[in-house]
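>>> sequence first, then the predicted structure, then my questions.
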Amino acid sequence: MCFSATASFGAGIVLSAIGVASIKKVWHPSQIIFASTPLIFAVQQFSEGVLWVILPNPAYATLQHVITHFFLFFAQIVWPIWVPVAILLLEQEATRKKIQKALVGVGILVSCYLAYCMLSYHVQAKIIGYHVSYEQDFPAAFRNYIGALYVIVTVAPPFFSHIKRIWLLGLTTFISYIVTMIFYDNYLVSVWCFFASVISASIYVVMIEIKKASKEYSFR
């Protein structure tokens, strides 16, 4: 999270509670990944909380490197695959499944590219003011294209789902992403993940909706 260690750890605790509550609403294995999303955000926020604590101390340089990559692993490699896969597993309609599968394919490409960049180029986290800044020396030529594809695979899937009201998840995430780009562009990775973690509370609402409509769904 972008503000402090206390804020990050606090968000991690809240998200853990939301994640547990969401998982309790699961009635079919296909819903587990979707319902577990807040828990993944919780792990991410806890890891950034650790960064807030250790970044000021040069003695923890090795640990800083490990935790930085751990955080970015979720932020840039997990989410482009996790989001479309989670929505795909909830889908029943054949046409919508084809669209979700296409988004999963794009997500895999985005994750693979970002994984390559993380392993091949300099990555460093720094505390600047009240934010954690992730400096990534990735190729500038592809940055905008990959950024656009990242937004598509993390925002678009809910709009192609048959599940009632799940589109609100995509809409609020997209709005948060725009707000982050406008006001916190230099801290995009950290701040957007904070907004997305707050939005993940809507996953619990969606799980309630799914459980209510369980008799209408048929899963393979």
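It's in. Everything numeric in this text was worked out from a predicted model, so none of it was measured.
>>> longest helix in this structure, please.
Counting residues, the longest helix in the chain under DSSP state H turns out to be helix 94-120.
>>> what packs against the next helix or strand after it?
Remark: after helix 94-120, the chain's next helix or strand is strand 123-128, criterion DSSP states H and E. Here strand 123-128 touches helix 61-72, strand 131-136, going by 3 or more CB pairs under 8 Å, 6 or more residues apart in numbering; DSSP states H and E. Backbone N, C-alpha and C define where each C-beta goes, glycine included.
>>> tell me the most buried of those?
strand 131-136 (a mean of 19; mean count of other CB atoms under 10 Å).
>>> if you count neighbours, what's buried in stretch 147-160?
For stretch 147-160, the neighbour count (16 or more other CB atoms under 10 Å) marks 149, 150, 151, 152, 153, 154, 155, 156, 157, 158, 160 as buried.
>>> wait, which of these is closest to residue 30?
Lowest distance from residue 30 to the buried residues of stretch 147-160 (CB to CB) belongs to residue 157, with 14.5 Å.
>>> quick check: the gap between the closest one and residue 9.
30 Å (CB to CB, to the nearest Å).
>>> how about the residue lying closest to residue 164 once chain neighbours are set aside, phi and psi?
Once flanking residues are discounted, residue 164 sits nearest to residue 209: 5.7 Å by CB to CB, 6 or more residues apart in numbering. Dihedral pair for residue 209: phi -60, psi -40, per degrees, to the nearest 10.
>>> and for residue 86?
Here residue 86 shows phi and psi, under degrees, to the nearest 10, equal to phi -60, psi -40.
>>> am I right that it is in contact with residue 32?
No - taking CB atoms under 8 Å as the definition, residue 86 is not a contact partner of residue 32, at 9.0 Å.
>>> give me the element residue 23 is part of.
With DSSP H and E as criterion, residue 23 is part of helix 5-24.
>>> now that helix: buried residues?
Quick answer for helix 5-24 (16+ other CB under 10 Å): 5, 7-9, 11-12, 14-16, 18-19, 21-23.
>>> for whichever strand or helix holds residue 203, what does the pLDDT average out to?
Per DSSP H and E, residue 203 falls inside helix 201-212. The average pLDDT within helix 201-212 is 84.
>>> so it versus helix 5-24, what angle?
Interaxial angle of helix 201-212 relative to helix 5-24 (axes from the mean of the first three to the mean of the last three CA atoms, to 10 degrees): 10 degrees.
>>> which helices and strands sit right next to helix 201-212?
Using 3+ CB pairs under 8 Å, 6+ apart: helix 201-212 touches helix 5-24, helix 32-35, helix 37-54, helix 167-183.
>>> gap between the shortest one and the chain center?
Once both centres are worked out by CA atoms, centre = their mean, to the nearest Å, helix 32-35 turns out to sit 13 Å from its chain's centre.
>>> so which bits of it are buried?
So helix 32-35, judged by 16+ other CB under 10 Å, has buried residues 33, 34, 35.
>>> and for stretch 168-175?
169, 170, 172, 173, 174.
>>> need the pLDDT of residue 138.
As predicted, residue 138 sits at a pLDDT of 87.
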